[in-house]
Each structure stands twice: as C-alpha cells, then as structure tokens.
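Trainee: With the sequence up front, the predicted model follows.
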Amino acid sequence: MSKINIKDLARKVINDLKPYKTARDEYVENGNKMVLLDANENPFQTEFNRYPDPNQISLKNSISKIKAISNSKIFLSNGSNEVFSLLMQIFCEPGLDNIIIFPPTFGMYEISAKINGININKIPLNSDFDFDTDIVNIINSYNSKIMFIPSPNNPTGNCFSESHIEMIIKKFNGLVVLDEAYVEFSEDKSFLPRIEEYKNLVITQTFSKAQGMAGIRLGMTFANEEIIEMLNKIRAPYNINSLTQRTALLKLKNQEEVKKEAKIILREKDRLIGHLKEFNFVQKVFPSDANFILIRVDNSSKRYNQLIEMNIVVRNTSNQFGCENTLRITVGLKSENDKLINALKKINEL
C-alpha cells in the first residue's frame with residue numbers, strides 16, 4: 001500500500017473544516033412514517049417536494065454491488081467535472097500548488113485548474129500519444145499535488161499501458177486521478193480493484209458514455225475512505241438531484257443492455273475504421289480503445305466544413321497539442337455511420 005499521508009497532502013483549511021450538515025443528514029429514516037418538519041420544504045405533496053437523499057445511499061448500494069467496492073469508497077458528483085474541481089480545492093493551495101496534465105488531453109482539467117487558481121504543468125505525450133520513457137523523473141521534478149490521466153485518452157482514444165500507469169502511481173508523491181470515462185469500451189481492465197493497494201489513486205467513471213446517460217450528469221469517483229470523506233466534507237448539499245438518482249438506479253438494473261450496446265458500438269467502430277482507411281484525404285487512422293476514432297486528414301478545417309454542409313457534425317481537434325489536422329469521430333448508430341461513410345465517399349470523389 002502507498003505510504004502517502006493523505007491528510008498531510010490536503011490543505012490545512014480543509015482538514016480543519018467542519019462540514020455543513022443538512023436536515024436529512026441529521027435525521028436518518030428508520031422505516032417509520034414520520035412528520036417531516038425539519039427542512040423548510042413545501043408540505044404539499046408532489047413527486048419532488050422533498051429534498052433528495054443527500055448521501056445517495058440506494059444508488060451507492062447498487063453501484064457498490066456492480067463495481068464490487070465498498071460504499072465508503074464511492075463519491076457521486078454532478079458529472080466528473082465537479083469532482084475534478086473539488087479535488088483541486090481539497091489538495092491545491094491557490095497560487096502556490098500545481099497539477100500535471102499530459103497534452104493532448106481532456107480540456108476540463110486545465111479549465112478547472114485555472115478557475116481554482118492552480119498552476120498547470122504540461123508534459124506532452126510523444127508522437128505515439130504515449131508517455132516519455134523518462135516519465136517518472138519528469139513528474140517528480142515538479143513537486144505537483146495532482147496529476148490527471150485519462151485512459152482511454154481523449155481525444156486520442158488510446159489506453160496507456162498498465163505497467164506505465166502502475167509505475168507512475170507508485171513513484172508519484174501526489175494524487176493520481178485516473179479518468180476511466182471510456183473504460184467500458186476498452187479491452188484493458190479498470191484499475192478499480194487496485195484502490196486498496198494505492199492510497200493516492202483516484203478513479204473517475206461516468207454515466208455519460210457506455211451507460212448512455214449523458215443528460216443526467218452523473219459521475220462516479222472511487223478512492224480510499226480518507227479522500228471520499230474530504231470530498232463529502234466540501235461538496236454542495238444535495239449535489240445529486242432526485243431525478244438523477246432515480247434514473248441512474250433504473251439504468252443500473254439493465255447492465256446487460258449496456259454491454260450489448262457497447263459490443264454493437266465496437267463492431268461499428270471496426271467497420272468505420274475499415275472504410276476510413278480507403279479515403280485518399282485520410283492520412284492516418286489512430287488506434288482507438290474508446291467509442292470514437294481520431295483521424296489525421298490533409299486539411300481538417302476544409303473536411304470539417306464539408307461534413308457540416310452535409311449535415312454531419314464531427315469534432316475538429318486540430319487546436320490540441322500534437323493533433324494538427326485531426327478530426328475526432330464518434331461512433332454512431334449503423335444508419336448514422338452509413339451516412340458518414342457516404343458523405344466521405346462523395347468528398348473523396350471531389
């Protein structure tokens with residue numbers, strides 16, 4: 001197990017903070033029908049006149065069974081972006097501390113850091129979108145508090161090797177946030193079973209991708225109890241609303257359908273990749289462990305606008321480091337992918 005002291009890593013103001021307690025934190029349901037006069041709610045019954053469960057107990061119980069991890073190691077957030085910001089608020093002193101990111105990477109790590117007044121160290125990935133061979137020496141030279149690693153990576157789509165990630169977790173003197181938003185599409189295993197092994201490991205997953213619930217804005221964070229307690233200490237009261245909790249619970253009862261859809265998406269990805277390699281203006285199709293494909297084309301702005309004119313929207317990722325003249329294509333339904341393929345054929349014939 002990692003020897004990092006989490007409380008020493010956190011800001012003193014967080015360690016000393018006495019958290020706000022909601023009315024529903026103080027009163028825990030015991031099965032009896034009670035007259036609730038504690039939270040200043042409107043007493044006229046509707047489906048949503050009462051506050052939601054502030055601790056999301058039923059939802060965490062369901063996640064706990066599926067993920068095979070204790071409730072005490074689960075934190076739920078309003079999308080993963082909320083927890084990225086909360087972690088910075090807990091561990092990084094504004095204007096003094098810094099984080100590490102590895103461009104090209106998910107843009108919200110940098111945005112969250114800037115909002116919170118946290119300095120950012122950027123360690124670019126190599127031309128294969130992988131870590132430098134001297135990565136351990138590089139990361140510890142910055143004396144950083146947190147590093148963010150999305151695997152599979154966004155926008156490149158590739159996973160980082162298990163051995164690389166493990167080496168970084170072992171050698172880094174701060175928190176390693178492993179963002180597994182796309183893990184259900186990858187053949188690589190989640191690091192979730194390693195939470196017990198590494199105190200400095202934080203894993204984020206989401207309902208927005210394979211679960212097909214982007215609209216409910218629900219992120220899952222898994223970490224040791226000390227980190228989870230600190231997250232609960234500073235989160236907003238009732239941060240997960242009743243509609244989100246109910247919808248997520250229903251989805252968790254239908255995980256076979258989620259697995260089925262993921263397999264269909266992966267089959268469609270393979271089909272798309274085969275077609276993309278046929279077009280003259282596509283210079284490279286990058287390997288993908290996610291539900292999207294990054295391609296390098298001759299002129300990304302031109303090809304992006306041509307697709308827009310054909311009523312197809314992809315992502316122009318050319319402004320990201322190392323991604324000049326690239327487009328990121330999400331794998332859609334077969335009918336949507338067929339429209340894309342036909343559009344690209346027309347462009348190829350121009």
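Mentor: Structure received. Numbers count the residues shown, from 1 in each chain.
Trainee: buried set for stretch 111-127?
Mentor: Of the residues in stretch 111-127, those buried under the neighbour-count criterion (16 or more other Cβ atoms under 10 Å) are 112-113, 116, 118-119, 121, 123, 125. Where C-beta positions appear, they are placed from N, C-alpha and C, glycine not excepted.
Trainee: How far away from the center of its chain is the one helix or strand Gln245 maps to?
Mentor: Taking DSSP states H and E as the definition, Gln245 sits inside helix 242-252. Its chain's average C-alpha position is 19 Å from that of helix 242-252, according to Cα atoms, centre = their mean, to the nearest Å.
Trainee: Toward the C-terminus from that helix, list the very next helix or strand.
Mentor: Proceeding N to C from helix 242-252, the next assigned helix or strand is helix 255-276, under DSSP H and E.
Trainee: Quick check: which helices or strands does that next one pack against?
Mentor: For helix 255-276, the packing partners by 3 or more Cβ pairs under 8 Å, 6 or more residues apart in numbering; DSSP states H and E come out as strand 282-285, strand 292-297, helix 334-349.
Trainee: For it, the averaged confidence score.
Mentor: In this model, helix 255-276 carries a mean pLDDT of 98.
Trainee: the inter-axis angle of it versus helix 242-252?
Mentor: With axes from the mean of the first three to the mean of the last three Cα atoms, to 10 degrees as the criterion, the two stretches helix 255-276 and helix 242-252 enclose an angle of 80 degrees.
Trainee: List every C-alpha atom in helix 255-276, with coordinates, as CSV.
Mentor: Output for helix 255-276, consisting of C-alpha atoms alone and laid out as CSV, is shown next (Å, rounded to 0.1, in the frame of the first residue of the first chain):
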residue,chain,number,x,y,z
GLN,A,255,-26.5,-3.6,-17.4
GLU,A,256,-26.8,-6.5,-19.9
GLU,A,257,-28.3,-4.0,-22.3
VAL,A,258,-25.3,-1.6,-21.7
LYS,A,259,-22.9,-4.4,-22.5
LYS,A,260,-24.9,-5.3,-25.6
GLU,A,261,-24.8,-1.7,-26.9
ALA,A,262,-21.1,-1.4,-26.2
LYS,A,263,-20.4,-4.5,-28.4
ILE,A,264,-22.5,-3.1,-31.2
ILE,A,265,-20.6,0.2,-31.0
LEU,A,266,-17.3,-1.6,-31.1
ARG,A,267,-18.3,-3.6,-34.1
GLU,A,268,-19.4,-0.4,-35.8
LYS,A,269,-16.1,1.2,-34.9
ASP,A,270,-14.2,-1.6,-36.6
ARG,A,271,-16.4,-1.2,-39.7
LEU,A,272,-15.8,2.6,-39.8
ILE,A,273,-12.1,2.2,-39.4
GLY,A,274,-12.0,-0.1,-42.4
HIS,A,275,-13.8,2.5,-44.6
LEU,A,276,-11.8,5.4,-43.3
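Trainee: Mind listing what's buried along that helix?
Mentor: Across helix 255-276, burial judged by 16+ other Cβ under 10 Å covers 258, 262, 265-266, 268-269, 272-273, 275-276.
Trainee: do the same with stretch 136-146
Mentor: When burial is assessed from 16+ other Cβ under 10 Å, stretch 136-146 yields the following buried residues: 136, 139, 144-146.
Trainee: Pick out whichever of these sits closest to Leu96.
Mentor: Lys145 (9.5 Å; Cβ to Cβ).
Trainee: mind listing what that closest one touches?
Mentor: Contact analysis of Lys145 by Cβ atoms under 8 Å, 6 or more residues apart in numbering lists 9, 91-92, 97-99, 174-175.
Trainee: Which members of those occur in strands, if any?
Mentor: Among the contacts of Lys145, the members found in strands (DSSP state E) are 98-99, 175.
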